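Here is my input; please provide its structure:
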Amino acid sequence: ELLYGVKEDTLYIHQYAASEAQWQGIHVTTQTNYPVDGRVQIRTTGAKTIALRIPGWCQAFRLNKPYTMHDGYAYIAINDDEEIILDMDMPAVWMQTGAYVPECANKLALMRGPVVYCLEGVDNGNCLRNVTVVPDAPISLQLDAPARLITISAAAIRVGIHDAIMGNLMSILHVYLRSI
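Okay, the predicted model is just below:
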């Protein structure tokens, strides 16, 4: 019910995970490394239409079949035993935090696809409150395929307590953000 749903002859895919399911005469197999990458391969039999949810964070995607959009789903008319390939672009982007949590006011979060990344002291030293990212600087991604882990590197400035009082920028460094 969380991954798939069926209504009449339409198979709905709500979330993406490597899986296989069968019910009401419909069989579906999904292969993906999501959220490490945005490629999802789907093979199905028994359905006449497949509806793929396009997540709200996804600004650009490609499908190997013609589709129509309705209520956040891409509807695809299919023949039996067809493969559908969905490729969702997943660039790393800085997002402004909402005003609902006062402690997070005027902060940035780094997102890549559905994953929000965090800054950790293990990789970046103590006093993380003294680190300010440079949002216009390039962001680089490094994939550790066996661990299914993506490390993001971004430019930042660390301001020391003395320097903050004096208004000086202490140093430019690269921060490393890890998905959890």
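
could you give the mean pLDDT of the strand ranked longest in the chain?
Scanning the chain for the longest strand, with DSSP state E as the assignment, gives strand 149-158. If you average the pLDDT over strand 149-158, you get 80.

ok, now stretch 118-135?
Within the predicted structure, the mean pLDDT of stretch 118-135 is 75.

ok, and for that stretch, which residues are buried?
119, 124, 130-131, 133 (16 or more other CB atoms under 10 Å). For every residue, glycine as well, the C-beta is placed using N, CA and C.

tell me how far the ends of it are from each other?
Across its full length, stretch 118-135 reaches 15 Å between end residues, using CA to CA, to the nearest Å.

what residue ranges in this structure are flagged as low confidence?
1, 123, 160-180 (pLDDT under 70).

In it, what residue spans correspond to helices?
Listed in chain order, the helices found in the chain under DSSP state H are 121-124, 161-166.

give me the beta-bridge partners of residue 43?
In this entry, residue 43 is beta-bridged to residue 29, residue 83, by DSSP bridges.

who are the neighbours in contact with it?
Contacts were defined as CB atoms under 8 Å, 6 or more residues apart in numbering; by that measure residue 43 touches 28-29, 81-84.

Now these in JSON lines, please, with extra columns for distance to residue 99.
As requested, the contacts of residue 43 are arranged in JSON lines below (distance: CB to CB, whole Å):
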{"residue": "28", "distance to residue 99": "41"}
{"residue": "29", "distance to residue 99": "43"}
{"residue": "81", "distance to residue 99": "50"}
{"residue": "82", "distance to residue 99": "46"}
{"residue": "83", "distance to residue 99": "44"}
{"residue": "84", "distance to residue 99": "40"}
